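Chemist: Need the 3D shape of this:
(one chain, ligands or ions: 1)
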Amino acid sequence: MAEVGGSPPRRRTRAIRVGRILLGGGHPVAVQSMAATRTRDVAATLAQLRLLAAAGADIVRVAVDSAQDVAALAEIGPQAGVPLSVDLQENYQLVVRVAPHVQKVRYNPGHLHHHERHRSAADKVAFIAAAAAEHDCAVRIGVNCGSVDPSVRARFAPSDRVGPMLASALEHCELLDRLGFSRYCVSLKDSDPRLVVEANRRFARQRPDVPLHLGVTEAGMPPEGIFRTRSALEPLLAAGLGDTLRVSLTVPAAEKGQEVAVGRQILADVAAGRFLSEPCPPAGGLTIVSCPSCSRVENEAFVELAQRVRAATAYARRHPLTIAVMGCRVNGPGETDDADLGLWCGPAHVHLKRGRKALGQFSYDEIVPRLLRELDEIIASR
Ligand code: SF4
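Modeler: Sure thing, here's the model as predicted:
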């Protein structure tokens, strides 16, 4: 293991370059964050990038959803002052338009099937790798438990949440390896810290060479979101795993620097041997997971909504249930699938579902009382 200053000792993965930052190879763990502003709003996004860079972010991710966002990215890229990563989301072909302006692209293997279903995943990955290579970009294979490729998930028992993530990540590493593209890292994220630990440990055993991006998805609001993130990252970092990390917190855009500060604090604490007393949050009790928001968030009231849900459901904290609160209609339906109650934001309404059953959409004023009705029914039925 390599000793590096300010960072716990790392297992030696291969080094990949993201602009001026080196990930892996024993280099200090890079701390990332994501802009929560609308990318098409160039001034707001540049201000957000400055805020995150000032907080110590090594790399910042932005989302791109429209032609306006792509045009804005061309303006933002040269002024960013920090290496940028962009999320391809459901449109892998976007890579040719965004790669010229950023240093890293992230694709989710579970989103490749959305477009051009006749084309193989291998072809689509080759397309992404070619554009990344041409424009000097690194790639992240970003596997997320809530959106694993359905054809991979179908090979596993429904209760197995780690197996499909792991298989998908390993298969996509092989696709890139066969193309001779080695400038990639991998993330395996879940909202359950225990599954994040298991998935990353198992992946590292099989691919010790590949740099790992660590994170707990939809960790939620501070302080619970920090606690959940620490409980996954501490054991992994202490074991030398992880070359870059992101702490995802549901906080307003103006407070996003907190994600970076918490990431740096976790690294310093692990390096100094300071850990949470429990390796993972105790099982049982009400869990509220919520996304960190990004440029896709559909109503600025999202963070406040998550806070209202937490306050209003405090009476049920001893019940082993999960409520998921998401910021947009694109990822909301899928990312709430494993929750007992799921909410996701539209511009004027909040969608609600119970388990996998959609219950309709409600105004921002109506949603919390309606949620509590469903919560009470679930509690009474158990
Ligand atoms: S759920 Fe939507 S708003 Fe929230 S982080 Fe994901 S893409 Fe962004």
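
Chemist: So which residues of the stretch 101-250 of the chain form helices?
Modeler: 121-134, 150-153, 162-178, 193-206, 224-238 (DSSP state H, counting those that start in this stretch).

Chemist: what's the closest of these to the ligand?
Modeler: Of all the helices of the stretch 101-250 of the chain, it is helix 224-238 that lies closest to the ligand, at 12.9 Å by CB to the nearest ligand atom. (Each C-beta comes from the backbone N, C-alpha and C, glycine too.)

Chemist: Spell out which parts of this protein neighbour the ligand.
Modeler: 291-294, 296-297, 326-328, 330-332, 335 (CB under 6 Å from any ligand atom).

Chemist: Rebuild the residues you listed as a markdown table, extending it with secondary structure.
Modeler: What follows is these, written out as a markdown table (DSSP: H, G, I helix; E, B strand; the rest coil):
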| residue | secondary structure |
| --- | --- |
| 291 | coil |
| 292 | coil |
| 293 | coil |
| 294 | coil |
| 296 | coil |
| 297 | coil |
| 326 | strand |
| 327 | coil |
| 328 | coil |
| 330 | coil |
| 331 | coil |
| 332 | helix |
| 335 | helix |
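
Chemist: who's in contact with the residue nearest to residue 207 when sequence neighbours are not counted?
Modeler: Nearest non-adjacent residue to residue 207, counting by CB to CB, 6 or more residues apart in numbering: residue 173, 5.9 Å away. Counting by CB atoms under 8 Å, 6 or more residues apart in numbering, residue 173 touches 141, 184, 186, 207, 210.

Chemist: So which of the residues you listed sit within strands?
Modeler: Taking DSSP state E as the definition of strands, those contribute 141, 184, 186.

Chemist: From those residues, pick the one nearest the ligand.
Modeler: Nearest to the ligand out of those is residue 141 (CB to the nearest ligand atom; 17.6 Å).

Chemist: Please name the bridge partners of the closest one.
Modeler: Residue 141 has these beta-bridge partners by DSSP bridges: residue 107, residue 186.

Chemist: Residue 171 is in contact with that one, correct?
Modeler: No. Between residue 141 and residue 171 there is no contact under CB atoms under 8 Å: 9.5 Å.

Chemist: okay, those two: which has more neighbours?
Modeler: Counted by other CB atoms under 10 Å, residue 141 and residue 171 do not tie: residue 141 has more neighbours, with 25 against 17.

Chemist: If you count neighbours, what's buried in stretch 206-214?
Modeler: 207, 210-214 (16 or more other CB atoms under 10 Å).

Chemist: Nearest to residue 373, out of the helices of the stretch 101-250 of the chain?
Modeler: helix 224-238 (23.9 Å; CB to CB).

Chemist: Counting neighbours, show which residues of the closest one come out buried.
Modeler: 224-237.

Chemist: for stretch 367-376, same thing?
Modeler: Buried residues in stretch 367-376 (16+ other CB under 10 Å): 367-368, 370-372, 374-375.

Chemist: Output those in a markdown table, with pLDDT and secondary structure appended to each entry.
Modeler: Formatted as a markdown table, the buried residues of stretch 367-376 follow (pLDDT from 0 to 100; DSSP: H, G, I helix; E, B strand; the rest coil):
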| residue | pLDDT | secondary structure |
| --- | --- | --- |
| 367 | 97 | helix |
| 368 | 97 | helix |
| 370 | 98 | helix |
| 371 | 98 | helix |
| 372 | 98 | helix |
| 374 | 97 | helix |
| 375 | 98 | helix |
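
Chemist: In space, not sequence, find me the middle residue of this structure.
Modeler: residue 217 (4.6 Å; CA atoms, centre = their mean).

Chemist: Would you mind measuring from the residue nearest to that residue when sequence neighbours are not counted to residue 77?
Modeler: Distances taken as CB to CB, 6+ apart place residue 189 nearest to residue 217, at 4.0 Å, with adjacent residues excluded. For residue 189, the distance to residue 77 (CB to CB, to the nearest Å) stands at 26 Å.

Chemist: try residue 92
Modeler: Going from residue 92 to residue 77 by CB to CB gives 20 Å.

Chemist: Looking at those two, which is more packed in?
Modeler: Here residue 92 and residue 77 are compared on neighbour count by other CB under 10 Å; more neighbours surround residue 92, at 24 against 16.

Chemist: Quick check: phi and psi at that one.
Modeler: Note on residue 92: backbone dihedrals following degrees, to the nearest 10 are phi -60, psi -30.

Chemist: buried set for stretch 327-339?
Modeler: Per 16+ other CB under 10 Å, stretch 327-339 contains these buried residues: 327-336, 338-339.
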